[in-house]
Every structure is written in C-alpha cells, then in structure tokens.
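Asker: only geometry, no sequence info:
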DNA sequence: CTAATTAAAGACAAATTTATCCTTAATTAT
DNA sequence: ATAATTAAGGATAAATTTGTCTTTAATTAG
C-alpha cells in the first residue's frame, strides 16, 4: 500500500513517540535498530519528517538526536502520510482513473469508497500518541525482529 | 495502492470482459486507446495476463487480438491481482512489519484488519463479469478521457 | 578553545518500475 | 506459396525508489 519510505516513517514516528521526549532524544542508530530499517535511508526519511519540525524535531551535537514534541504526539497519524507526500494514496482511484468520481465512477468506485473512507477515518482519528501508548501497554509491537 | 501495471491490468481486463469474446478479439492498439495507457507497456502487461491463459487469451494473425473467455469472466477480479503478483498487497502489514500477526500485532493491526478484510472480500466476491456489466449499463466508466 | 558527538546535506549507486523498440513467430487471406 | 496482420519475446532505456557514503554544520563537554 505505502512505499517503504512511508512504512519506515510510520514505524520511526510511533517508536519516537513512545521512547523520546524533549529531554530524551534518540540517535539514528538506535532508531534504525529498533524498527529494523536501513540506517542511512532512515536518516534521510527522518530528515524529511523534520522539515519545519512538522512531525519530528531534532538537535545536533552530544546528547542530540530525534524526538517528538508533546504537541505533535496529539496529532493524527495522517500527518506522517502528509509529510511523506503519500496521503493521496488514500484518496485515489483503485484503478488509477484520473477522472473517477461520484458522477463518473470506475466499476469499483461505489464499493471501494466505503473502504477508503474507513482508511481515511483511521488515519485522521488515531493520534500518534494513542498508537504509541499501546506499545507501552505491551499489547502491540513495533520492532520487526524476534527479540 | 497498486502499481501502474496492475491498474492497467484491471482496466484492460474489465474493458476486454465487456467488449471482447472468442468471436470478437480486440487488438492492443484499441485496448490501450480505450483505457488510456501506454501501448507497448500495456502489451507487456497483457502478455503477462495471457500466461497459461490464466486471465486473458490471445490469437495472432489477421483478426487476431485479445479476448476473455466466458469461463474467466465468471472469476473474481482477484485473479488479476494474482496474475500481476500483487495479491500480497491486500494481505501485508500497513507498517511493513514482517512479523505482524494476531499474536504480535503492529499498532494499527486491529483496526486495519477489518478494513483489509473488506478489501479482500471485495476482490474475491466481485467477478470480472459483474464489473463489466456495469459499464454496459452505463452506470460506470472505464475510459480515462473526457470523450 | 578544542575535541567529540550528532544531525544535515548532497553526491552517488543499486534496484525496481515504467516504458519503448525491434525482431521473431504464428495465423489468415489471397 | 506469399504477403499482410497481429501477438510474443527480448534488448534496451528512462524514471523512480531505495539505499549508501562523505563532507559540512551545529552543539556540547571538557
């Protein structure tokens, strides 16, 4: 569904939301290890998420690293998709028709629409914080490895 | 969601299901024009759909072209995804976790699961014929251009 | 102030997807 | 048989995505 870049972005964001804070920043090494993603590529992605501090914030130097401000944790996960320029995926026609719409629907439009709406609702109502909390509670996982 | 190749495959399949038959084959030129896709790339995709006559059938020479046998029209659209090797998209974890499952769910698993199930149901219950019929009825469209 | 640490930025490389083109093979009509 | 038509197949190219590496800039600790 999403690109690898966006998958990594979602994992990194939720991981940071759970583990980091303004006082406890986390380095790229630890992040890439935790979410099992290629280190340099993940760095690029975090850089993108850091643009204008839109999703992630960062600080250089010793004790530096990445973190997610409390204010951002309260935002819907959808902001990650926006920052990665992949929020359109949730909107577009399954068959790739440019003109697909209510008045000119593709053959799958009517049924896909309701599914699409649930997807959009999911990403716009669940906050980053809410997802991170579940990891804290131990009911879900973000690591991609056995350990 | 799907690759361009699969989007073209879905459009071409439904177009052929509506317009073609064993007696009335359709050439690549007409197909690419109808679904507004790059001609040579579409040829490659049809070639793939033709492997083992799994979805599309073809005949060379004058009056040759592509068509979909009646038997295939009764199959679910899912067969197109399978032929394009993209049926996994419906199954995989939204966050890209290899180990995501009921017993080791990602933070979005529980909610995404129900959406995923609807997607799978849609593609496994709707037949190629059913979607083509709607075009015939004029309630939906497959062409990607104004005309 | 200096050295160490860490992210930012940009150039580069590999892999995959998308797309084109040319030759070959099969079929049909004459 | 021959010529015309059409898909099959393979080589190639362009674009995008994924990934790496090296240098620079900022910050902090000593």
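Answerer: Looks like it came in fine. Note that the structure is predicted; figures quoted are calculated from it, not measured.
Asker: Next one: the residue lying farthest from the centre of chain A relative to residue A:50, how far apart?
Answerer: What lies farthest from the middle of chain A is residue A:103; by Cα atoms, centre = their mean that is 32.5 Å. Spatial separation of residue A:103 from residue A:50 under the definition Cβ to Cβ, to the nearest Å is 41 Å. Any C-beta I mention is one placed from the backbone N, CA and C, and that applies to glycine too.
Asker: Same question for residue A:130.
Answerer: Separation of residue A:130 from residue A:50 (Cβ to Cβ) stands at 22 Å.
Asker: now residue A:36
Answerer: Look at residue A:36 and residue A:50: by Cβ to Cβ, they are 21 Å apart.
Asker: quick check: mean pLDDT across stretch A:53-63?
Answerer: Regarding stretch A:53-63, the rounded mean pLDDT is 94.
Asker: hmm, that stretch in reach of chain B?
Answerer: No. Using Cβ under 8 Å from any Cβ of the partner chain as the criterion, no contacts between stretch A:53-63 and chain B are found, and the smallest distance is 15.4 Å.
Asker: Straight-line length of that stretch, end to end?
Answerer: Counting by Cα to Cα, to the nearest Å, you get 18 Å between the two ends of stretch A:53-63.
Asker: Show me what counts as buried in that stretch.
Answerer: By 16 or more other Cβ atoms under 10 Å in any protein chain shown, the buried positions in stretch A:53-63 come out as A:55, A:56, A:57, A:58.
Asker: and the residues you listed, which of them are in strands?
Answerer: A:57, A:58 (DSSP state E).
Asker: Rebuild the buried residues of stretch A:53-63 as JSON lines, extending it with distance to residue B:72.
Answerer: Below are the buried residues of stretch A:53-63 laid out as JSON lines (distance: Cβ to Cβ, whole Å):
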{"residue": "A:55", "distance to residue B:72": "46"}
{"residue": "A:56", "distance to residue B:72": "49"}
{"residue": "A:57", "distance to residue B:72": "54"}
{"residue": "A:58", "distance to residue B:72": "54"}
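Asker: contacting residues around the residue nearest the centre of chain A?
Answerer: Per Cα atoms, centre = their mean, the C-alpha nearest to the average position across chain A is that of residue A:10, at 2.7 Å. With contacts taken as Cβ atoms under 8 Å, 6 or more residues apart in numbering or on different chains, residue A:10 has the following neighbours: A:2, A:77, A:80, B:94, B:95, B:96.
Asker: Could I get the full set of helices for chain A?
Answerer: Under the criterion DSSP state H, chain A carries helices at the ranges A:4-19, A:28-35, A:39-50, A:70-73, A:78-83, A:109-125, A:128-136.
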